[in-house]
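Participant: Quick one: sequence and predicted model below, then my questions.
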Amino acid sequence: GESVGLHLPTLSVQEGDNSIINCAYSNSASDYFIWYKQESGKGPQFIIDIRSNMDKRQGQRVTVLLNKTVKHLSLQIAATQPGDSAVYFCAEKRSGNQFYFGTGTSLTVIP
Amino acid sequence: ETGVTQTPRHLVMGMTNKKSLKCEQHLGHNAMYWYKQSAKKPLELMFVYNFKEQTENNSVPSRFSPECPNSSHLFLHLHTLQPEDSALYLCASSQEPYTGANTGELFFGEGSRLTVL
């Protein structure tokens, strides 16, 4: 079946290191992808997005890479900080305005 | 502050109760959504409303009844729920369709934590 999934459920990194969170998707018709961050007790917050006509997009300390050939999405966080500890979700936009989410990766930053 | 407000933040109800969750968005968006978030599961899309019209119902049991009186307000009416319905219910909004002038992302509220006893 079609799914949005994450390769690893948990990730621990040292403060100051770079973090990479991966996501696989299987719907080749999806044309818009978003990374969300969810802190405990809060709703998901937008981090960065990318459209299928791009393969890389950069924000402040974050970069999203899209590989349509292998249907893979990644989020890179530079110089990870304790405030980056959260669950990260990738989401794909399928037909119409249906957004589907992966299970999430829990990122823990070790001071 | 995301511009999407959900009330109540916490709700405990028995299986025979009737309650409602409320969502209001102050972003001028034309689409609103209900998602269910259970532990260790992906966010599950429940309902989608575009311009007040329901366009998606992802096989949600009839004990969940959505209502969208206008583009800014969305309700989820709850009746005779089961303990397995305990979860975080997230409301979101977006501006559709993507035109290039808007990002098309979902803006989420903080959620309503529901516990069914």
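Facilitator: Arrived safely.
Participant: Tell me, how many residues neighbour residue 31?
Facilitator: Going with chain A. Using other Cβ atoms under 10 Å in any protein chain shown, A:Asp31 has 16 neighbouring residues. For glycine as for every other residue, the C-beta is placed from the backbone atoms N, C-alpha and C.
Participant: To clarify, I was referring to chain B.
Facilitator: Neighbour count for B:Ala31, taken as other Cβ under 10 Å: 23.
Participant: Residues in a beta bridge with it, which ones?
Facilitator: With DSSP bridges as the criterion, B:Ala31 is bridged to B:Asn50, B:Ser94.
Participant: from what I can see it touches B:Glu96, true?
Facilitator: Yes - contact criterion Cβ atoms under 8 Å: B:Ala31 and B:Glu96 qualify, at 4.6 Å.
Participant: All the strands of chain A, residue numbers only.
Facilitator: Along chain A, counting by DSSP state E, strands occupy A:4-6, A:10-14, A:19-25, A:32-38, A:45-51, A:56-58, A:62-67, A:72-77, A:86-93, A:99-101, A:105-110.
Participant: strands paired with the longest one, and their directions?
Facilitator: Partners of strand A:86-93 in the sheet, by DSSP bridges, are strand A:32-38 (antiparallel), strand A:99-101 (antiparallel), strand A:105-110 (antiparallel).
Participant: Could you list the residues of chain B in contact with chain A?
Facilitator: When proximity is defined as Cβ under 8 Å from any Cβ of the partner chain, chain B approaches chain A at B:2, B:4, B:6, B:31, B:33, B:35, B:40-43, B:45, B:48, B:50, B:55-56, B:90, B:92, B:94, B:96-98, B:103-111.
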